[in-house]
Structure formats: structure tokens, C-alpha cells
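S.K.: Got a predicted structure here, sequence first:
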Amino acid sequence: MRLALAELRAHLGRFLGTVAGLVLLFTVVLGMGGIYRGMVADATFLIDSAGDALWLTEEGRRGPFAEASRLPDAIVERARVTPGVTDAVGFRTLTYQFRHQGRELRVTFLSERFPEGGPLRLAPAQGRGLQRARGEIVLDQALRIPLGARLTFADEPFEVVGLLKGGVSSGGDPIALLSEADLERILQTLPAADRGVSGVTEAWSPLAAVVVHAATPQAREQLARIPGVSVWSAGEQRTLLLEGAIDKARRQIGLFRALLVLVSTVLLSLVVFAMTSAKSRELALVKLLGARHRTLIAWVVGQAITMTLAAYGLAVALGFRVFPLFPRRVVLSTQELWAGVLLALLLSLIASAAAVRRALAIPAAEALGG
Amino acid sequence: MIRIEARSLSRTYGQGPLAVKALDRVSIAVQAGEVVGLLGPSGSGKSTLLTCMGLLDVAEEGEVRIDDQIVAKNGKFHGDPATLRRQRIGFVFQRANLVPFLDVLENVLLPLRLEGSVSRQDRSRVETLLARLDLGDRLRHTPEALSGGQRQRVALARALVARPSVVLADEPTAALDAKRGREAILALRETSREAGAAVVVVTHDSRILDAFDRTIELEDGKLLEPPPGHTALGST
């Protein structure tokens, strides 16, 4: 290892150049994983925010996240009076696009029952929740609209009274909480031609689902007897969502990451092999002086490990600085970061294999040549 | 005391009609503190003898003994040749063959590091050795900052640092001018004698013949009688 480090110090430029290349590759690998985790976190944010709830959707539909679902308003009341049910709230969303101070913004409106609250349990990070049935809105910080700002949606004036942190719809758009009455009014004031065309970017579903909190396990069976509905647990909703739209993205990102890891391994292999070939005389010398195989292996592998771990550490540091600037959430999990260390070590060993073979094959007598 | 002995070594390269007998029943023995010059024209078998004695190659017939222990016999090593080289043999080359990214001190300490850890006493001993070789003020210099003669003295210190039984030198003065070549061979002679090591020097350099206690000449893989008048330093 002493030889490995001494040689790296002596060839600092080559070392830093290789590390810089690997840093960029590892940052992309980490970023891709983080983007996937961000997609999962975004996609499941609303489901998770409802806690351990049951979701009633249109019968045979896996809505409201994996598929479109429409229910009549009466289902809310029907669910509420089902034995074992403690609360039932309609789940209504509307994705909306608007201009604000020259910026084109997309937001998913989520109606909140007033004044009881629900269906989700979202507490503003700044400001307060809705306190009036009309004209108040709570936005996510990602929209970069300050507290107290006054906005107009479909001719309806709103004041921003609270800011959420990390509140996104399953599509990744920032969410905005407003009362059921306000959401209804926005819809009604929109010209019919705008619905799903220019202002409204998604077909309006009066009631996409009903979020139900139940006190007894038997309540699910009771709810399932309501005609025209399917009942899903929060876990089932997550699975539906992740196995549907997210799964393709996961596989695509996984393949891309595997490709990048392969490129990193090939790059590192070439560098380590070139470094080993360039020092064949020194390797022959230490063999002639009686070096054990493990000394030669430590020399070659030590360099690969040093370069890989240095690059990985810098990539993590770079990721923590750069990823928050990305337009969509990038989530770096501690578990994955540690798994990355193991992967980096494995990559070093694989990348060193050819170079180690070369080092061990160099004849010691080569050092005798003039 | 005989440090190294080659008994009836025969080494053949190739097979059939293309076979070349590089060594033909060559026997030599070198005592502790003795410096022996190995002479002969190109292709005479000098380098083959050196590689066989240095356990870099093994002769099909005959045996090599170091400190009366058989280390190679009839085509087989007895023991791990790398370990034997590390513990019993020092090498000096035509060019100094120093590791370019290690400083003088670390180059000399290299054989000790290959063997295990380096103690404070080892380091102190190496510094003393380098001071004796006029390199005391060059400990932290890298090889590229040294002259050819200085590099060869560093290589000499490296060959002796592990207190080997034998030092094998392959044309150690070939890359030096007459003055520095002579200084290097005299330093080799002096320090190895003090260390009680046997020294075998392959050379074409007629200017240094008087530095040897005796010379051995090879021709076509066979041993010749030593030339008269070149048997020892200062003797005729």
C-alpha cells in the first residue's frame, strides 16, 4: 500500500484526472438512483400522507393514482355510515397550469374538507392551514410563491396563507390545498372549452376516490359491499402505483445505472492496466528483490481502491451539493450510499483483475536488463 | 566460510538441434567477504550463471548452496525462491534500477519493507550506511536528482541493507565513467566485506579487475582458469 500511495503521489496529475472522470460517472450513477427514489417518494407522497387509510375507487379501476377513477359524491356519505368507519373524505384533485410573474407553473389542487380537514394530514412548514372556506390557499414551497401572495385562478382571488414542504402529486407537480368549495368554484368558472385543453391539463374527475379511516378490520368487508366501489389498503395503493408507471422508470434507470457502472469499471480497468504496464520495470525489480505476491497485489489493487473510494467520496459530496438544484427531487438514501461503498470496492477488485494478472506475470529477471 | 556455491551447474535453452548449452557443469564457490569477478565474452554464460545463482532461474543439473544449504538442485528450487532472494541475496544492476517515485532512504529501505516492518534501528543503520557512501545529505532526494554514481551507490546500499549472504552484481560499472565506476566497485568491495557477504560481479570492465580478490572466466558455458595477475586487489 505504501508503494501504491507513493506512486499515486508521484503521478498526482494522472491520479486526479482519473478520479475526476470517475467522480462524474459516480455522480451520475448516484443521481440516477436518487432520481428514482425521488420519483417513488413523490409518487407515494399523497398515499403516505393519508396514513393507514383505505381507498375506495371506482369498481374495477386501480385509481386514483395508477388509473383514472370516478365516484358519485354519495359514496362519501355511504362510506361514512358504514359500521367500523371513523371518517370518510372525498379525494379530489385538479392539475392546473398558470402564469405567475412571467413563469409558467403547474400545480395539483387538492381539495380539503373545511373546517374539519382531511383527507390528508398535511401541516404547512410556514404560515397556517386553511381558516376560511373561501379565498385561501396553501401552496408547496417548490412553486417559489411567498406567503401572503395574492393569486387568481379562473377569476377567483386567493391569498397564500401557508407553505408546504415537499408536497407533490404522484406526477411530481407541487400541490396546493384549497377548500372543496373553492375547487368546485374554479372548475365551474373555467370555460368548458378549457377543461382538459388549455387551463386544465387533466380531465376533471368530480370525485376520484374516498379516503376512509376505519377502526375495525371488518370495516373493509363492509365497504367492499358498497356497489360500484373497490377497496384498497394504503399498501396496495403503493404497490399498484410502483408496479405500474414507476416500474418502467425503475427498470430503465436501473439499466442505465448498470451501463454507467460498466463504463466506470472498464475505464478504471484501462487506467489501472495502463499504470501497471507503465511500471513493469519497477514490478520486476520488487519481484527480483523477493516481493511476495500479496505485495504486488496490494500495490495494484491498492491504487484502484484508492482512486475508486476517493472518486466515490467526492461524488457523494458533489451529489449533496448539486442534486438539490435539480428540478425534481433526488433522494440519496444512507443505505444506498453505503451499498455504493461496497459496490465501489467490488468495482476496484474487478477492475484490477487484469492488471494483477499482468503484474504477477512479469518475470523478475526483466529487472536485470540494461 | 563458503557463502555461495554452484556445483556442476548445467543449463540448456531450447530443444533438439536448436538446443544451446548456456552452462556446462560449472562449479564455483565464494567465501564470506570475497569479491569475485565473473568475466567472459557475450554469450559465454555469465548472465545465466548469475540468474541461476540468484534463483531467478534453475539449472537442470547441479545444485546451488547458500550458507551450505541447498536452495536449488537438478531443476527444482528447494524453498520459495522469492523468500530466499529477499533474505539471502542482494542485487546490483547495470543501471541502478531505483524506484523513481521513492526517495533515497525509501529505496534503500525497500528490501526491509518487503520482508516486514522497518524499525527505528533499521532506519538509523541505513542512514549510517548512506552517510558512509557519501549520501547522507541526499536521503530525501528522488533518484532523478542524483548523479549516475550516486544512484549506483544507493543501489549498493539497497543490496546490502538486509544483510544478505551474497551480493550478485550485473555489470555494475557499465553505465559509469572510469572514476565513478572504480569508486562504486571499491565501495561495493568495502561494504560487503564488512558485512561478511560474498560478492560475484559480472563485468566486461577491464578497468576494475584489480578490485577483485579473484576472477573467474567463462567461455561457451564452461569455466576457464583465471588470467594471471588479476587475482586480487593490489596483487600481481
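M.R.: Here it is on my side, so go on.

S.K.: burial measure for residue 107, as a count.
M.R.: All of this refers to chain A. 24 (other C-beta atoms under 10 Å in any protein chain shown). Every C-beta, even on glycine, is put in place using the N, C-alpha and C of the backbone.

S.K.: oops, I was thinking of chain B
M.R.: Around B:Asn107 there are 24 residues (other C-beta under 10 Å).

S.K.: What sits closest to it if chain neighbours are left out?
M.R.: Using C-beta to C-beta, 6 or more residues apart in numbering or on different chains and skipping residues adjacent in sequence, the residue nearest B:Asn107 is B:Leu98, 4.8 Å away.

S.K.: what pLDDT does the nearest residue to B:Phe101 once chain neighbours are set aside get?
M.R.: Spatially, and ignoring its direct neighbours in sequence, B:Phe101 is nearest to A:Ala10 (3.3 Å; C-beta to C-beta, 6+ apart). On pLDDT, A:Ala10 comes in at 85.

S.K.: now do A:Leu190
M.R.: For A:Leu190, pLDDT reads 65.

S.K.: ok, which residues in chain B are in contact with chain A?
M.R.: Within reach of chain A by C-beta under 8 Å from any C-beta of the partner chain, chain B has these residues: B:47, B:50-51, B:54, B:56-57, B:82-87, B:89, B:91, B:93-95, B:97, B:99-102, B:106, B:110-111, B:113-115, B:170-171, B:174-175.

S.K.: please redo it, this time with the cut-off set to 6 Å
M.R.: B:51, B:56, B:82, B:85-86, B:94, B:97, B:99, B:101-102, B:111, B:114, B:170 (C-beta under 6 Å from any C-beta of the partner chain).

S.K.: residue in the stretch 1-150 of chain A nearest to chain B?
M.R.: A:Ala10 (3.3 Å; C-beta to the nearest C-beta).

S.K.: Report how many residues lie close to that residue.
M.R.: Using other C-beta under 10 Å, the number of residues around A:Ala10 comes to 14.

S.K.: quick one on the thing from earlier: greatest separation within the residues of chain B next to chain A: which pair is it?
M.R.: Between any two of the residues of chain B next to chain A, the greatest separation by C-beta to C-beta is 27.0 Å, found for B:Thr51 and B:Phe101.

S.K.: What are the boundaries of the strands in chain B?
M.R.: Under the criterion DSSP state E, strands of chain B are mapped to B:2-13, B:20-31, B:35-39, B:61-66, B:69-73, B:76-77, B:89-92, B:166-170, B:198-202, B:214-219, B:222-224.

S.K.: So which of those strands is nearest A:Ala20?
M.R.: Using C-beta to C-beta, those put strand B:89-92 closest to A:Ala20, at 39.2 Å.

S.K.: Low-confidence stretches in the stretch 101-250 of chain A?
M.R.: Residues of the stretch 101-250 of chain A that meet the criterion pLDDT under 70 lie in A:190-206.

S.K.: residue contacts, the residue of it found nearest chain B?
M.R.: Per C-beta to the nearest C-beta, A:Arg250 is where the stretch 101-250 of chain A lies closest to chain B, at 45.9 Å. Contact partners of A:Arg250, counting by C-beta atoms under 6 Å, 6 or more residues apart in numbering or on different chains, are A:Tyr36.

S.K.: next one: A:Ala208
M.R.: A:Gly63, A:Pro64, A:Ser69, A:Phe91 are the contacts of A:Ala208 under C-beta under 6 Å, 6+ apart.

S.K.: Residue numbers of the stretch 151-300 of chain A in contact with chain B?
M.R.: Residues of the stretch 151-300 of chain A found near chain B (C-beta under 6 Å from any C-beta) are A:Glu282, A:Leu285, A:Leu289, A:Gly290, A:Ala291.

S.K.: From those residues, which land in helices?
M.R.: Using DSSP state H, the subset of those located in helices is A:Glu282, A:Leu285.

S.K.: Now a ChimeraX select for only the buried ones of the residues of the stretch 151-300 of chain A next to chain B.
M.R.: In ChimeraX, this line selects whichever of these come out buried by 16 or more other C-beta atoms under 10 Å in any protein chain shown:
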select /A:282,285,289,290,291
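
S.K.: and A:Ile145, helix, strand or coil?
M.R.: coil (DSSP: H, G, I helix; E, B strand; the rest coil).

S.K.: Distance check, A:Thr44 against A:Leu241.
M.R.: Distance of A:Thr44 to A:Leu241, given as C-beta to C-beta, to the nearest Å: 6 Å.

S.K.: So those two - more neighbours on which side?
M.R.: Between A:Thr44 and A:Leu241, counting by other C-beta under 10 Å, A:Leu241 is the more crowded of the two (21 against 18).

S.K.: so the more buried one, which of the three states?
M.R.: helix.

S.K.: follow-up on the earlier one: what is the burial count for the residue nearest to B:Asn107?
M.R.: 25.

S.K.: That one and B:Glu144 touch, don't they?
M.R.: No - with contact defined as C-beta atoms under 6 Å, B:Leu98 does not reach B:Glu144; the gap is 9.3 Å.

S.K.: For stretch B:4-14, which outside residues touch it?
M.R.: Contacts for stretch B:4-14 (C-beta under 6 Å, 6+ apart): B:19-30, B:48, B:52-53, B:59, B:61-66, B:166, B:198.

S.K.: residues in contact with the residue in chain A that chain B sits nearest to?
M.R.: Proximity of chain A to chain B (C-beta to the nearest C-beta) peaks at A:Gly290, 2.6 Å away. Counting by C-beta under 6 Å, 6+ apart, A:Gly290 touches B:Ala82, B:Arg85, B:Arg86, B:Leu114.
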